[in-house]
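> how would this look folded up:
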Amino acid sequence: MLTGNVTRELRRQVLADSDDRIRLMTIGNTGGWLHFANTQRTVRTPADMVGLRRRTSVAERPQELLEAVGASPTPIRWPDRSIQAYASFVRAGGERYVPSADERAAFKRAAEPVHAWFAENVD
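So this is what the prediction gives:
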């Protein structure tokens, strides 16, 4: 979705249908941005998720997303999530992912329309 036309087309339709009053900024019930840190391998594409067991919320959408990319969701109640994730990461000596300069620049470019819209429309 990040490199294709799905988001752009949906954003265009939302703007057109709302007479430019509504701007699509995220997709999904998680705020639109997910981070898949793990202790087995670096995740750069959806194919890298195949076979990974992931802790997630009990909500259906995050579980469906993980299943769609071949991962195995393990639902955990919200109060227990951060404690479990941190404990597992530390015990396994997880590798911390740091975005490259190109990845940071791509994210900045992708966020620019959102920042511009807020600067222009929100006091």
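
> isn't F36 right up against V43?
Yes - F36 lies in contact with V43 (CB atoms under 8 Å); the separation is 4.3 Å. (C-beta placed from N, C-alpha, C; glycine too.)

> Mind listing the shared neighbours of these two?
M49, L52 (CB atoms under 8 Å, 6 or more residues apart in numbering).

> what residues are up against S18?
Contacts for S18 (CB under 8 Å, 6+ apart) come out as none.

> What's the separation between it and L24?
Distance, S18 to L24, by CB to CB, to the nearest Å: 10 Å.

> What of V14?
Using CB to CB, we find V14 at a distance of 5 Å from L24.

> swap in A111?
Computed with CB to CB, the distance linking A111 and L24 is 14 Å.

> which of these two has more neighbours?
Higher neighbour count among A111 and L24: L24, with 16 against 11, using other CB atoms under 10 Å.

> Pick out the least confidently modelled helix or strand of this protein, by mean pLDDT.
helix 78-92 (a mean of 59; mean pLDDT, DSSP states H and E).

> all strands for this protein, in order.
For the chain, applying DSSP state E gives strands covering 53-56, 72-75.

> Fine by me, thanks again.
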